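# one predicted model, sequence on top.
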Amino acid sequence: MSGFIGRTFTLFFLLLAVLFSFLSYFWGWPTLERWRPLWSLEEGNLPIGIWLGLMLLAISMGVAISTTQLARRRERAIEAYLQTYIDADQPQETISIPAVSSKLNKTLSKITLLITTQKKSLQRMSDERAEGEDQRIQERIVQERQRLARELHDSVSQQLFAASMLLSAITEQQEEELGEIPKPLAQAEKIVQQAQLEMRALLLHLRPAALHNKSLTQGLEELLCELQQKVHFTIRFRLEDVSLSKGAEDHLFRIAQETLSNTLRHANASEVDILFVERDGLAIFRVQDNGIGFMSEDGKAGSYGLHHIEERAIEMGGTSKIVSVPSQGTIVEVKVPVEKGVIDDDKNRTGG
């Protein structure tokens, strides 16, 4: 409002000065006699000079109104134009550059460039902060998993092993003395053995999923050799060197952990065969056991990590399938495309 009043009076005094100069040119320097018509001539009971002043004031107000509206329209256009660079959800193409002077246009361009640059910088900083936080969280999770694995192995696992050995000695003694093993004692021995399998499966899950500069073949071989020394069933494996990306290798290693862990807990198998080969441009990973199996419709497929395996296979661009027959065993198979044009730096470093 104050801007409108200021414009009105500024224009009024400018027009008044123009009218004064115009009358002075025709009537000469103002004197009482020369300029008498301005107050002697009347129109509608008002001197002509008053009418001239009112006319100049009306013109001033009209021009002030139009310029104020024009200025407001330009302000809104500039505000909308700048807002497109502030609002991330509004496309910049929806509003064109407002019609302003070339100097103001340059200033607007600098401002929008600054806003865009700052937004990208803030987004990059936010992404880096989030990635760094995720990495720190993952590192803490891995450290905690390793700590739990060490404590469980050094305490509970050793105690279960000691209990199993003690029960085995007692059952042998009872069998020699009585000719048979008491049923409660046999049940206790079976429970302890199952608890050992559960503990080994849990320790297998708690192992880090990352390979730490090892190839997938090296990681699987190390895992299976270690597992062979701790389980009572036979493990056979055939592992070939297959060139895969680091992400695909980590996914397959995690699938191997989950599958073997569930085999320990649920399969009750005496033989397990692991295969990792490349055939027709596909990396094939297969785990086959001769355990109790399950019917797919009974809902136990989830115990074999079917959903997790499917998700990981899809993330690698591959496929997965689980085939299980009751009393005959289960086959878990994952196929991943091998990209021939990609050089695996990890294998080059390890000589794989």
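The structure has been received and is ready for your questions.
# what about the helices in the stretch 51-200 of the chain?
102-152, 158-178, 183-206 (DSSP state H, counting those that start in this stretch).
# a markdown table for the ones you listed, including distance to residue 3, mean neighbour count and mean pLDDT?
Yep, even glycine has a C-beta here, placed from its N, CA and C like the rest. Formatted as a markdown table, those follow (distance: least, Cβ to Cβ, whole Å; neighbours: other Cβ atoms under 10 Å; pLDDT from 0 to 100):
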| stretch | distance to residue 3 | mean neighbour count | mean pLDDT |
| --- | --- | --- | --- |
| helix 102-152 | 18 | 12 | 75 |
| helix 158-178 | 86 | 13 | 77 |
| helix 183-206 | 72 | 16 | 72 |
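# these into a markdown table, with extra columns for distance to residue 236?
What follows is the helices of the stretch 51-200 of the chain, written out as a markdown table (distance: least, Cβ to Cβ, whole Å):
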| stretch | distance to residue 236 |
| --- | --- |
| helix 102-152 | 26 |
| helix 158-178 | 25 |
| helix 183-206 | 18 |
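# so for residue 57, which of those sits nearest?
helix 102-152 (31.2 Å; Cβ to Cβ).
# relative to helix 158-178, how tilted is that closest one?
30 degrees (axes from the mean of the first three to the mean of the last three Cα atoms, to 10 degrees).
# on contacts alone, who are the packing partners of helix 102-152?
If contacts are counted by 3 or more Cβ pairs under 8 Å, 6 or more residues apart in numbering; DSSP states H and E, helix 102-152 sits against helix 48-86, helix 183-206.
# just how off-centre is that helix within its chain?
Relative to the centre of its chain, helix 102-152 is centred 11 Å away, using Cα atoms, centre = their mean, to the nearest Å.
# that helix to helix 48-86, inter-axis angle?
Going by the same axes, to 10 degrees, helix 102-152 makes 30 degrees with helix 48-86.
# right, so of the helices of the stretch 51-200 of the chain, which gets closest to residue 283?
It's helix 183-206; of the helices of the stretch 51-200 of the chain, that one is closest to residue 283 (Cβ to Cβ) at 22.0 Å.
# how deep is residue 322 tucked in, by neighbour count?
The number of residues packed near residue 322 is 19, by other Cβ atoms under 10 Å.
# ok, residue 181 to residue 175 distance?
Distance, residue 181 to residue 175, by Cβ to Cβ, to the nearest Å: 5 Å.
# re the thing from before, got a markdown table for the helices and strands packed on helix 102-152, with distance to residue 9 too?
Formatted as a markdown table, these follow (distance: least, Cβ to Cβ, whole Å):
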| stretch | distance to residue 9 |
| --- | --- |
| helix 48-86 | 7 |
| helix 183-206 | 83 |
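# so which of these is nearest residue 249?
The nearest among these, by Cβ to Cβ, is helix 183-206 at 17.8 Å.
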